[in-house]
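Undergrad: let's see this in three dimensions:
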Amino acid sequence: MYDAILGKTVTEPYTLHCAGTVFLDMQLYGIASQLLMRCIEVSPHDAAWMADTYMNLGVALRNEAHEDEALACYRRALELKPDDPVTWANMSGVFINYGQPQKCIEYADRALSLDPKHK
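TA: Now for the predicted structure:
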């Protein structure tokens, strides 16, 4: 589907990452998810952008009400980039939706400890 929207087949990993991020910013979560998943499939696992790709995929999935899959993406992002306050904050939001306020606070505190100005 994203190929039809973009008007061409995209196969280069970083281009997939960037296009997925643009569609995420446009709140076109389904298309963003497809692009970001494809990026993960074809990228080297040590690529510099992979943590952000997983984090962005988590955001897209969460906005499509796929909380468990989003959480898995956030966890993978933190494996790759453990000091990313944005990912910690996003995980916090998942736990509030799960009705686990203590975990929510734990993850929010971690995000704030990494970046006190993070909102």
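Undergrad: please count neighbours and contacts with C-alpha atoms only from this point.
TA: Will do.
Undergrad: tell me the helix or strand right after the lowest-mean-pLDDT helix or strand in the chain.
TA: When each helix and strand of the chain is scored by mean pLDDT, DSSP states H and E, helix 2-6 comes last, with a mean of 56. Next along the chain after helix 2-6, taking DSSP states H and E as the criterion, comes helix 13-25.
Undergrad: just give me how far that following helix sits from the chain centre.
TA: Centre-to-centre, helix 13-25 and its host chain are 11 Å apart (CA atoms, centre = their mean, to the nearest Å).
Undergrad: now the helices for the chain?
TA: Using DSSP state H, the helices of the chain run over residues 2-6, 13-25, 29-42, 50-63, 67-80, 85-97, 101-114.
Undergrad: okay, those in TSV with mean neighbour count next?
TA: Shown next, in TSV, are these (neighbours: other CA atoms under 10 Å):
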stretch	mean neighbour count
helix 2-6	11
helix 13-25	20
helix 29-42	21
helix 50-63	25
helix 67-80	20
helix 85-97	21
helix 101-114	18
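Undergrad: by mean pLDDT, show me the worst of those helices.
TA: Ranked by mean pLDDT, the helices of the chain bottom out at helix 2-6, with a mean of 56.
Undergrad: stretch 56-63: how far from the chain's middle?
TA: Chain-centre distance of stretch 56-63: 5 Å, with CA atoms, centre = their mean.
Undergrad: what lies in contact with it?
TA: Identification of contacts with stretch 56-63 by CA atoms under 8 Å, 6 or more residues apart in numbering yields 21, 24, 29-30, 32-33, 36-37, 67, 69-74, 90.
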